[in-house]
Structure formats: structure tokens, C-alpha cells
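Visitor: Would you be able to build a 3D model of this:
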Amino acid sequence: MKDDKKEIKNPQKLGEILVHYKIITPEQLEEGLKIQKNRIKRIGEILIDLGMVTQDEINWVLGKQLDLPYVQINIGNIDIQLSKNISEDTLRKFKAIPIMELNGELVVAMADPTDEEAIEMIKEVTKRKLKIVLASFENIDETINQIFHHRNK
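Guide: Numbering: from 1, shown residues only. Predicted structure coming up:
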């Protein structure tokens, strides 16, 4: 079982919050959860794949739930060297990217700020206190591609 983190004021699951805000119906959530049993993907990704929600809707709900700012990453406005201190595979696995240092903290954009394993891994690798902000899966992937000079095919 996961320990509840004190920072999370309302530890509801993403699907429940999407239903609460009437972004999806309980039936749509049920359908997504059935599909999730056979896949490794997170419920948010499945609901996006099914066309039931957009990434922006999920980010809005997560930001509201966790009281986190939502950012649009721009390669020209981040400290690229911070990302090169963490392996590309780790960044891709956790859909996370350090973007700047602020007041002695490493600001890390994450697609899933509830991923405690990712947060602990980044803390361990960087030996830094983290400030988490929210960014879309696509924005993070695109930025990682630019940093590590990959081209989308």
C-alpha cells in the first residue's frame, strides 16, 4: 500500500475527480478501468486514447487536485544542463524533466506529479530538494527529444 503524502490535500483518484467535475461519466470511467486491467498504461492515458478526455482536461484536474502550477515547457527557457544530469531513459520512463533551479530547489516538470517512485528517484539522482510543476506528456516528450537531439519520425 502507498503511504498518503501530506502535500496531497485530497487523495482521490484521477478518474473519480474527472467524474466529479463532469468531464467524464461514471460509465466512461468504468470502461477505461476495464481496459486498464489488460494494459500497463495509466488511466489518464487510456481515457485520452479513447477520446474521452484531452491532456489539457487531465492537467487542469491534476493541477486543481494537487494545487500545482501547470507549465508549458519551452526549450529556450529551461536550463538544459540540469536534464543532462539524469539519464534520458529515466526522464522518459517517469515523464519528468528538470527545468530550472529556484530558491535552492530543483523545479521538475512532471506529467504525473502523483508518481512517488519518480519523485524519489529524481531526488536520489540529483541530491536536491524538488519543487514539482505539471506539464503535458507530449510537451515533456517533445522537450526530451530536443535536448537529446532526437527527431520524431
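Visitor: burial of the closest residue to Lys13 other than its chain neighbours, as a residue count?
Guide: Spatial nearest neighbour of Lys13, excluding adjacent residues (Cβ to Cβ, 6 or more residues apart in numbering): Ile43 at 7.6 Å. Placement of C-beta: from N, CA and C, glycine included. Ile43 has 19 neighbours, counted by other Cβ atoms under 10 Å.
Visitor: which residues does Ile43 contact?
Guide: Counting by Cβ atoms under 8 Å, 6 or more residues apart in numbering, Ile43 touches 13-15, 29, 32-33, 36.
Visitor: Pull out the buried residues from stretch 12-28.
Guide: 14-15, 17-19, 23-24, 28 (16 or more other Cβ atoms under 10 Å).
Visitor: In strands only, show me the residues you listed.
Guide: Under the assignment DSSP state E, those contribute nothing to strands.
Visitor: so can I have JSON lines of the residues you listed showing pLDDT and distance to Thr54?
Guide: Below are these laid out as JSON lines (pLDDT from 0 to 100; distance: Cβ to Cβ, whole Å):
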{"residue": "Leu14", "pLDDT": "86", "distance to Thr54": "14"}
{"residue": "Gly15", "pLDDT": "89", "distance to Thr54": "15"}
{"residue": "Ile17", "pLDDT": "88", "distance to Thr54": "15"}
{"residue": "Leu18", "pLDDT": "93", "distance to Thr54": "11"}
{"residue": "Val19", "pLDDT": "94", "distance to Thr54": "16"}
{"residue": "Ile23", "pLDDT": "94", "distance to Thr54": "9"}
{"residue": "Ile24", "pLDDT": "96", "distance to Thr54": "11"}
{"residue": "Gln28", "pLDDT": "97", "distance to Thr54": "14"}
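Visitor: for those residues, which one is nearest Leu130?
Guide: Leu14 (21.0 Å; Cβ to Cβ).
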